[in-house]
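Trainee: structure of the sequence below:
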Amino acid sequence: MTLYAFQIMLLISILILGSFSLFSIFYPQLLSSLTGNNDYDKFKDNLFYLGFAQVSNNDTISSTIDNSTWISERDNLKITMKLEPEVPIIDQWTRIHFEIRNMTSDIFLLEDGLLVNATITDHDGRLFKFPQKSIIDGKFNLEYIFPDDGQHRIILQFYRNDMAFTVAFFDVTVPHPQPPKDFWSQLFQPKPY
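Mentor: Alright, predicted model coming up:
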């Protein structure tokens with residue numbers, strides 16, 4: 001009997017009996033009697049592979065962006081940032097939306113010739129610099145794949161007629177992936193290879 005057939009048989013037994021504790025004492029003995037060798041550790045690693053997913057709730061959404069609005073009283077600007085999805089997922093695209101408004105009148109900044117240089121840094125000191133973008137009708141967006149969890153800072157340097165006039169920054173916390181809560185969601189997760 002192969003190891004794979006034994007795993008399937010054990011899984012079916014677990015489903016029928018509804019209890020996994022019955023087999024917990026007899027793994028090494030049962031495996032060695034059916035396969036002829038004691039591959040318990042290999043079997044255990046294959047059966048109990050934990051799948052991870054980023055789980056979000058209302059608490060993590062509010063704490064993902066540390067500062068979603070940046071205000072410059074000197075330049076009469078209010079810049080807001082929104083993420084899509086609201087909670088960034090590691091190794092998946094995140095769209096970062098920015099709106100630039102006049103602070104006193106709250107209308108979009110509609111000046112021609114506004115440009116922005118954007119850079120994203122992380123807690124490991126890595127930098128990603130975006131190509132210079134034009135700001136159209138007071139809005140622009142960036143697309144970025146966050147490579148890992150932790151603190152990330154988005155730094156924006158604004159230019160008016162090729163002259164730098166202000167710098168803004170936003171802090172984003174990407175949450176660590178959490179394991180699923182129940183046994184069945186862990187059992188049917190695919191292997192990463």
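Trainee: what ranges do the strands span in this structure?
Mentor: Per DSSP state E, the chain carries strands over the ranges 69-72, 77-84, 93-102, 114-122, 127-129, 133-134, 139-145, 150-160, 163-174.
Trainee: what comes up buried for the fourth one?
Mentor: Yep, that's strand 114-122 we're talking about. 114-118, 120-122 (16 or more other CB atoms under 10 Å). Any C-beta I mention is one placed from the backbone N, CA and C, and that applies to glycine too.
Trainee: redo the residues you listed as a markdown table? Include distance to residue 163 and pLDDT.
Mentor: Conversion of these to a markdown table gives the following (distance: CB to CB, whole Å; pLDDT from 0 to 100):
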| residue | distance to residue 163 | pLDDT |
| --- | --- | --- |
| 114 | 11 | 91 |
| 115 | 10 | 94 |
| 116 | 13 | 95 |
| 117 | 13 | 96 |
| 118 | 18 | 97 |
| 120 | 24 | 96 |
| 121 | 24 | 95 |
| 122 | 30 | 92 |
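Trainee: out of the residues you listed, which comes closest to residue 7?
Mentor: Of all the buried residues of strand 114-122, residue 122 has the smallest distance to residue 7: 39.7 Å, by CB to CB.
Trainee: what is the neighbour count of residue 125?
Mentor: A total of 6 residues lie near residue 125 under the criterion other CB atoms under 10 Å.
Trainee: where in this protein is pLDDT low?
Mentor: 1-4, 6, 10-11, 13-63, 179-193 (pLDDT under 70).
Trainee: mind running it again at 90?
Mentor: Counting by pLDDT under 90, the low-confidence segments of the chain come to 1-67, 75, 89-91, 103-104, 106-113, 123-125, 160-162, 165, 176-193.
Trainee: residue 109 and residue 73, how far apart?
Mentor: 15 Å (CB to CB, to the nearest Å).
Trainee: so for the two, which sits in the more crowded spot?
Mentor: Neighbours were tallied for residue 109 and for residue 73 using other CB under 10 Å; the higher tally belongs to residue 109 (20 against 9).
Trainee: now do the contacts for the more buried one.
Mentor: 77, 100-102, 135, 138 (CB atoms under 8 Å, 6 or more residues apart in numbering).
Trainee: same check on residue 91?
Mentor: Counting by CB under 8 Å, 6+ apart, residue 91 touches 145-147.
Trainee: what bridges to the closest residue to residue 130 other than its chain neighbours?
Mentor: Take residue 130 and drop its neighbours on the chain: the residue closest to it by CB to CB, 6 or more residues apart in numbering is residue 118, 4.3 Å away. Beta-bridge pairing of residue 118 under DSSP bridges involves residue 156.
Trainee: swap in residue 141?
Mentor: residue 97.
Trainee: in this structure it contacts residue 93, no?
Mentor: No - here residue 141 lies out of contact with residue 93, judged by CB atoms under 8 Å, at a distance of 11.5 Å.
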